[in-house]
Structures are given as C-alpha cells and as structure tokens.
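Visitor: Next one to model:
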Amino acid sequence: MSKSSSPALSRRGMLVGAGTAGAAVVAVAALPLTPKATPVAVAVAPEAAPEQGGGYRLSPHVMRYYQTAKV
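Guide: Predicted coordinates for the structure are as follows:
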C-alpha cells in the first residue's frame, strides 16, 4: 500500500502562497499613497565666468544630478 503525498504538497503550497501574499502586502504598505511633489526647475541666467578660472556653480545639470542622486 503506497501513501499519497498530496496533502503534504497541498499544505506546502498553501504556506508558500500565504508567505507570498504577506510579502506583497508589506510591499504595498511601504509604497507612498500620494506622489511626492517634484520641484519646478527655474530658468536662471548664466553668470559670467570668473577671470581666475573655475569655481562651483549650481547649474541646471548639477541640480538635475542632485535630484537623481537622492535616496
């Protein structure tokens, strides 16, 4: 007489399904409900370059980098 392993497989499937559903609930709960407002880029006239060379300027492409680098 051989025993069927169907009930054990069924229980495993139920536990895996419950774990997956729980993980999905946690992931959805972690998402923000409303999208964050993105700052509007303001056009700024470029400043004249200094005579002695470089210097740090907050230009639009630098501001865009800071936005993409936020965690």
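Visitor: which helices and strands does the longest helix that the chain contains pack with?
Guide: Using DSSP state H, we find that the single longest helix of the chain is helix 6-30. Contact partners of helix 6-30 among helices and strands, from 3 or more C-beta pairs under 8 Å, 6 or more residues apart in numbering; DSSP states H and E: none. From N, CA and C alone the C-beta is placed, and that goes for glycine too.
Visitor: helix/strand/coil for residue 43?
Guide: With DSSP: H, G, I helix; E, B strand; the rest coil as the basis, residue 43 sits in coil.
Visitor: Pull the contacting residues for it.
Guide: With contact set as C-beta atoms under 8 Å, 6 or more residues apart in numbering, residue 43 has no partners.
Visitor: Please enumerate residues in contact with the longest helix of the chain?
Guide: By C-beta under 8 Å, 6+ apart, the list of residues contacting helix 6-30 is empty.
Visitor: ok now it, how far from the chain's centre?
Guide: 24 Å (C-alpha atoms, centre = their mean, to the nearest Å).
Visitor: Next secondary structure after it?
Guide: helix 60-69 (DSSP states H and E).
Visitor: Just the CA trace of that following helix, in CSV.
Guide: Only the C-alpha atoms of helix 60-69 are listed here, as CSV (Å, rounded to 0.1, in the frame of the first residue of the first chain):
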residue,chain,number,x,y,z
PRO,A,60,20.6,73.1,-14.1
HIS,A,61,22.5,70.0,-14.9
VAL,A,62,24.0,69.9,-11.4
MET,A,63,20.6,70.4,-9.9
ARG,A,64,19.3,67.5,-12.0
TYR,A,65,22.1,65.3,-10.8
TYR,A,66,21.3,66.1,-7.2
GLN,A,67,17.6,65.1,-7.9
THR,A,68,18.6,61.8,-9.4
ALA,A,69,21.2,61.0,-6.7
